[in-house]
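Novice: Predicted model, plus sequence, below.
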Amino acid sequence: MKFFRFLRLCIALIMTCYAISVSAGEVRAAVAANFTAPMNQIAANFEKATGHRLILSFGSTGKLYAQVKNGAPFDVFFAADVKRPEKLESEQDIVPGSRFTYAIGQLALWSAKPDYVTGKAVLQRKDFKHIAIASPKLAPYGVAAVEVMQSLNVYDDLAAKLVQGQNIAQTHQFISSGNATLGFVALSQVYKNGQFNSGSGWVVPPDLHQPIRQQAVVLRRAADREAAQALMQYMQSKPAYEVIASFGYRY
């Protein structure tokens, strides 16, 4: 009898695993570079919770949008702005009703040097050659960085010192490598659970730039893909929001 009970248990476990493997799907996501760290953590949690596999591609919002328009095989798009998702919606390239704001980004002025950035006053210092920002043409965080410098009336003084990364990840690399003494990055790149991970930084007050509303959409090619819908539902769940908030985003 014990043997048969054990056998039935094994069969039940096999059937359960088979059912999960049959229902599990794959999602290809294009994700704005600023959201790399939280999305990697969310992806692991999502896969564990649902059995679906999430394949991530990171880059600047502008370049990812161009890839989508050129036929890249993405199912969902997590942009760093509202502009591109709205554009895709107007062009009828998304599943109707799928567009939503998944995070509101925050900007940080950051240096790899400890105690170097103590606030906005550092922008008046004369001892740095380069300040890094993401390309305003490709990255919403670059647009916000320019707006901050204009709001503080320092843009004209700093314009000759600006170096631009193609995306916010490259911008962070410029600063962390020392090629730029400081620069504007996404808070999520240098911040976790209420503090800066390294170096020194200043959390830019949100009233110095337009809100960085980051929106996501399901692309039209994934209209019937259960895994894509499951991901979007998960992104609006409490576990996902807890991860997002831990990296300094608002929502």
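Specialist: Structure received.

Novice: separation between the spatially most central residue of the chain and Lys137?
Specialist: The structure's the chain has its C-alpha centroid closest to Phe35; by C-alpha atoms, centre = their mean the separation is 1.6 Å. Distance, Phe35 to Lys137, using C-beta to C-beta, to the nearest Å: 19 Å. C-betas here are computed from N, CA, C, even on glycine.

Novice: swap in Gly165?
Specialist: With C-beta to C-beta as the criterion, Gly165 and Lys137 are 12 Å apart.

Novice: Looking at the two, which one has more neighbours?
Specialist: Gly165 (25 against 11; other C-beta atoms under 10 Å).

Novice: can you pull the contacts of the more buried one?
Specialist: Residues counted as contacts of Gly165 (C-beta atoms under 8 Å, 6 or more residues apart in numbering) are Ala132, Ile133, Ala134, Ser135, Ala139, Thr171, His172, Gln173, Phe174.

Novice: What of Pro140?
Specialist: Pro140 makes contacts with Ala32, Thr61, Ala80, Asp81, Lys83, Gly105, Ile212, Gln214, as judged by C-beta under 8 Å, 6+ apart.

Novice: Check Ala145 too.
Specialist: Listed by C-beta under 8 Å, 6+ apart, the contact set of Ala145 reads Leu107, Ile133, Ala134, Pro136, Gly183, Phe184, His209.

Novice: who's the nearest residue to Tyr249 once chain neighbours are set aside bridged to?
Specialist: Excluding the flanking residues, the one nearest Tyr249 by C-beta to C-beta, 6 or more residues apart in numbering is Ala103, at 4.1 Å. Listed by DSSP bridges, the beta-bridge partners for Ala103 are Gln214.

Novice: Phe35 is in contact with Ala103, correct?
Specialist: Yes: contact criterion C-beta atoms under 8 Å: Ala103 and Phe35 qualify, at 7.1 Å.

Novice: Which parts of the stretch 101-250 of the chain are helices?
Specialist: Listed in chain order, the helices of the stretch 101-250 of the chain (DSSP state H, counting those that start in this stretch) span residues 140-151, 155-158, 168-176, 187-190, 226-235, 238-246.

Novice: and the angle from the third one to helix 140-151?
Specialist: Put simply, helix 168-176 runs at 60 degrees to helix 140-151, going by axes from the mean of the first three to the mean of the last three C-alpha atoms, to 10 degrees.
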